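Colleague: test case, fold it:
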Amino acid sequence: MLIGLIVFIGVGLLLIALGTVLWKKKRIDLVNAWHTRNVKAEDVPAYTRLMGLSLIAIGAGCLLTGVVACILEEKLGWLALPVSFAVGFALIWKAQKKYNGGKMIS
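Modeller: Below you'll find the model as predicted:
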């Protein structure tokens, strides 16, 4: 169980780091090309902000799940995971709909 929690914490930190780089450095190249094909140059800052925040939200849920489950040794920590995934995917959907012409898959 400890290995699983370490993996959750590691994945959470990795997603938070990637989301921060995507958002703050506007690294649209970190997103698959077919998801950015219709994003206009002037929309890149707003698009990378939403996509970065989505990764940060999902990463925070993974991190919180690992930390809470490790510290409290309860299943309460597992509640953060589906909530963070829902928030993260809602942000991804919003970004794709608004800046990629509504296309999730091109």
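Colleague: what ranges do the helices span in this protein?
Modeller: With helices called from DSSP state H, the chain shows them at 2-24, 33-36, 44-72, 80-99.
Colleague: now those helices in JSON lines, with mean neighbour count?
Modeller: C-betas here are computed from N, CA, C, even on glycine. Shown next, in JSON lines, are the helices of the chain (neighbours: other Cβ atoms under 10 Å):
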{"stretch": "helix 2-24", "mean neighbour count": "16"}
{"stretch": "helix 33-36", "mean neighbour count": "16"}
{"stretch": "helix 44-72", "mean neighbour count": "20"}
{"stretch": "helix 80-99", "mean neighbour count": "17"}
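Colleague: does L81 really touch A60, like I thought?
Modeller: No. Taking contacts as Cβ atoms under 8 Å, L81 lies outside contact range of A60: 10.3 Å.
Colleague: among the helices of the chain, which gets the worst mean confidence?
Modeller: Note on the helices of the chain: helix 33-36 shows the lowest mean pLDDT, a mean of 72.
Colleague: how far does that one sit from its chain's centre?
Modeller: Centroid displacement of helix 33-36 relative to its chain, using Cα atoms, centre = their mean, to the nearest Å, is 16 Å.
Colleague: check stretch 8-21 too.
Modeller: For stretch 8-21, the distance to the chain centre is 8 Å (Cα atoms, centre = their mean).
Colleague: excluding residues flanking it in the chain, which one is nearest L64?
Modeller: Excluding its sequence neighbours, the residue lying closest to L64 (Cβ to Cβ, 6 or more residues apart in numbering) is A80, at 4.1 Å.
Colleague: residue contacts, the one you found?
Modeller: Counting by Cβ atoms under 8 Å, 6 or more residues apart in numbering, A80 makes contact with A60, G61, L64, T65, V68.
Colleague: any idea how far it lies from V68?
Modeller: 7 Å (Cβ to Cβ, to the nearest Å).
Colleague: repeat for L81
Modeller: 10 Å.
Colleague: nearest residue to G88 in space, please, no chain neighbours.
Modeller: Nearest residue to G88, sequence neighbours excluded (Cβ to Cβ, 6+ apart): I58, at 3.7 Å.
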